[in-house]
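Chemist: sequence and predicted structure, then a few things I'm wondering about:
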Amino acid sequence: MKNSVDVRTLLSVYEKVKTQGQRKDNQCKLEDITCTESLDGYSVSLADDNVSLDINFHNTYHFHTDNDNPETTINQTTADIHNNNEAQVQAFLKKLMELDERY
């Protein structure tokens, strides 16, 4: 995946979910995006049903997808998993950008 992720936009989406979403326990949900914050406040997460995104201190980030582990996915090659992960991440990013525009 190309490094075209704008962390400022992601943090903007996080704030919108946090302030305008429904709070339940230690997370907030707006539409189908959930956000959480670490206890120390140094990292935040955004997630939907397929992808989660951890944004850490110093604007580092990491995506996790449903099928991160090729050993647990039956009948898929590593290339298939990479393509699926990329498609899931791109769909997730699109969803976040649309949410950012709506709110």
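Modeler: It's in.

Chemist: buried residues in the lowest-mean-pLDDT helix or strand in the chain?
Modeler: Across the helices and strands of the chain, mean confidence by mean pLDDT, DSSP states H and E is lowest for helix 78-102: a mean of 82. In terms of neighbour count (16 or more other CB atoms under 10 Å), helix 78-102 has its buried residues at 81, 84, 85, 88, 89, 92, 93, 95, 96, 99, 100. Just so you know, the C-beta spots here come from the backbone N, C-alpha and C atoms, and that holds for glycine as well.

Chemist: I'd like the residues you listed laid out as JSON lines, including distance to residue 12.
Modeler: Shown next, in JSON lines, are the buried residues of helix 78-102 (distance: CB to CB, whole Å):
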{"residue": "81", "distance to residue 12": "30"}
{"residue": "84", "distance to residue 12": "28"}
{"residue": "85", "distance to residue 12": "24"}
{"residue": "88", "distance to residue 12": "22"}
{"residue": "89", "distance to residue 12": "18"}
{"residue": "92", "distance to residue 12": "16"}
{"residue": "93", "distance to residue 12": "13"}
{"residue": "95", "distance to residue 12": "14"}
{"residue": "96", "distance to residue 12": "9"}
{"residue": "99", "distance to residue 12": "10"}
{"residue": "100", "distance to residue 12": "6"}
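
Chemist: thinking again about what came up before, how far does the least confident helix or strand of the chain sit from its chain's centre?
Modeler: Relative to the centre of its chain, helix 78-102 is centred 9 Å away, using CA atoms, centre = their mean, to the nearest Å.

Chemist: make 229 the first number, not 1, from now on.
Modeler: Sure, I'll start counting at 229 from here, so that last one is helix 306-330.
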